[in-house]
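[1] After the sequence you'll find the predicted model.
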Amino acid sequence: MVGTTAAILTTISFVPQACQVIKTKDTSGISLGMYIAFVLWIIHGIKIQDMNLIGANAITFVFASIILTYKIKYK
């Protein structure tokens, strides 16, 4: 229950940030390293075969990818 709640909250927390980045194209406060961590979480989830971990971080990575795209495009 705690893990599911954490996964949902983490995923939802990226929605406002993605919307703000799309609207303003300002990514100056975004750290690339933090977003790379989601890839590592997905790899870890695959390694331990935890579908909840894989799913939650894959969904979060979709929002993070939007932000990363803007970060790279509008440097």
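    Now that the structure is in, tell me what you want to look at.

[2] Phe38 - how many residues pack around it?
    22 (other CB atoms under 10 Å). Any C-beta I mention is one placed from the backbone N, CA and C, and that applies to glycine too.

[3] Also Ala7?
    Other residues lying near Ala7 total 17 when counted by other CB under 10 Å.

[4] With Gln17 instead?
    For Gln17, the neighbour count with other CB under 10 Å is 16.

[5] avg pLDDT for stretch 36-43?
    Taken as a whole, stretch 36-43 carries a mean pLDDT of 83.

[6] buried stuff in the host helix or strand of Val62?
    Taking DSSP states H and E as the criterion, Val62 maps to helix 51-73. Buried positions in helix 51-73, judged by neighbour count with 16 or more other CB atoms under 10 Å: 53-54, 56-61, 63-64, 66-68, 70-71.

[7] now stretch 30-43
    Those would be Tyr35, Phe38, Trp41, Ile42, for stretch 30-43 by 16+ other CB under 10 Å.

[8] what's the offset of it from the middle of its chain?
    Offset of stretch 30-43 from its chain centre (CA atoms, centre = their mean, to the nearest Å): 7 Å.

[9] Likewise for stretch 53-68?
    That offset, for stretch 53-68, works out to 4 Å (CA atoms, centre = their mean).

[10] can I assume Gly45 is in contact with Asn57?
    Yes. Under the criterion of CB atoms under 8 Å, Gly45 makes contact with Asn57 at 6.3 Å.

[11] Any figure for the gap between the closest residue to Leu53 other than its chain neighbours and Asn52?
    Distances taken as CB to CB, 6 or more residues apart in numbering put Gly45 closest to Leu53, at 3.5 Å, once the chain neighbours are dropped. Separation of Gly45 from Asn52 (CB to CB, to the nearest Å): 8 Å.

[12] Repeat that for Leu40.
    For Leu40, the distance to Asn52 - CB to CB - is 16 Å.

[13] go on, Ala18?
    22 Å.

[14] Gln20 now?
    Gln20 sits at a distance of 28 Å from Asn52 (criterion: CB to CB).

[15] what does Gln17 give?
    Between Gln17 and Asn52 the computed distance is 23 Å (CB to CB).

[16] now for whatever helix or strand Thr5 lives in, which elements pack on it?
    Using DSSP H and E, Thr5 falls within helix 2-24. When contacts are defined as 3 or more CB pairs under 8 Å, 6 or more residues apart in numbering; DSSP states H and E, helix 2-24 packs onto helix 51-73.
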